[in-house]
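> can't give you the sequence, but here's the structure:
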């Protein structure tokens, strides 16, 4: 009786806290993002530059000239758990997105030479010749200040599939931890251990690449990017 009561209480707690049942398996990829050497095989699309200091990677566009996406070279499976930390260095304006499950529409590798070139222009990623999901977890643009919710979209098509909970506050310069879970069709994003996106795709995308996108006003710092398989 006591065991049954304990298990029932644990179940209720997991529901109320937004706890995901996905459990980390083996480590697929780890990068501190701390220096030029560790980033040698990452690919930048758009006019942006990176700097490294005190274990952080800083990304910005000189003169706020260009939106940009910085791609991890690894192709990840359909199910994974990714974690990273961020800090806003320019709270006046910016927008941060995580792309994932990114691949050509016919399953090609994202960097296949037969795909159209990409230069950071948003429609190339949302209405071009690639599929992906993307989540905006910080949104504070000059035309939409301090947007009060996160977004999950499915591409190709720029389909808004969920309006989530608030992301990183516009004025926050604290260090925040993100955890992205994709368990086949189930997608969940946690901000500082709080679930802000939780959606299930009945026709999910498979494996693909992960990339950090910033709009041109953004100056964020990143560190400790890790990706695990999910223990089934």
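Thanks, I have it. Just so we're clear, the structure is a prediction, and the values are computed from it rather than from any experiment.
> Who are the contact partners of residue 176?
85, 86, 87, 168, 191, 192 (CB atoms under 8 Å, 6 or more residues apart in numbering). Where you see a C-beta, it was placed from the backbone N, CA and C, and this is true even at glycine.
> May I see the buried residues of the host helix or strand of it?
Following DSSP states H and E, one finds residue 176 within strand 175-183. Residues of strand 175-183 classed as buried by neighbour count (16 or more other CB atoms under 10 Å): 176, 178, 179, 180, 181, 182, 183.
> What strands flank it, and is each parallel or antiparallel?
Here the strand partners of strand 175-183, with direction, are listed using DSSP bridges: strand 80-88 (antiparallel), strand 186-191 (antiparallel).
> Average pLDDT for the last one, rounded please.
Strand 186-191 comes out with an average pLDDT of 99.
> and for it, what are the contacting residues?
Counting contacts by CB under 8 Å, 6+ apart, the residues touching strand 186-191 from outside are 18, 20, 22, 98, 133, 135, 137, 150, 152, 164, 167-168, 176-181, 195-201.
> what mean pLDDT would you report for the strand holding residue 176?
Regarding strand 175-183, the rounded mean pLDDT is 99.
> Let me know the pLDDT of the residue most central in space within the chain.
Nearest to the mean C-alpha position of the chain, by CA atoms, centre = their mean, lies residue 98 at 2.6 Å. Looking at residue 98, its pLDDT is 99.
> The host helix or strand of it packs against which elements?
Secondary structure assignment for residue 98, by DSSP H and E: strand 94-104. In terms of contacts (3 or more CB pairs under 8 Å, 6 or more residues apart in numbering; DSSP states H and E), strand 94-104 is packed against strand 68-71, strand 80-88, strand 130-140, strand 175-183, strand 209-214, strand 219-231.
> What mean pLDDT does the following helix or strand past that strand get?
The element immediately downstream of strand 94-104 (helix or strand, assigned by DSSP H and E) is helix 123-126. Helix 123-126 shows a mean pLDDT of 98.
> Might you list the low-confidence residue ranges for the chain?
In the prediction, the chain carries residues with pLDDT under 70 at positions 1-21.
> Recalculate using a threshold of 50.
Counting by pLDDT under 50, the ranges of the chain that qualify are 1-20.
> Tabulate the buried residues of strand 175-183 (TSV), appending distance to residue 218.
Converted to TSV, the buried residues of strand 175-183 look like this (distance: CB to CB, whole Å):
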residue	distance to residue 218
176	14
178	15
179	21
180	19
181	24
182	24
183	29
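> hang on, the earlier thing: give me the distance from the strand holding residue 176 to the chain's centre.
7 Å (CA atoms, centre = their mean, to the nearest Å).
> Just the buried ones out of the contacts of strand 186-191, please.
20, 22, 98, 133, 135, 137, 150, 152, 164, 167-168, 176, 178-181, 195-199, 201.
> who's in contact with residue 115?
Contacts here follow CB under 8 Å, 6+ apart; on that basis residue 115 touches 104, 108, 129, 130.
> now do residue 209
If a contact means CB under 8 Å, 6+ apart, then residue 209 has 71, 72, 73, 74, 75, 76, 99, 100, 102, 103, 110 as its contacts.
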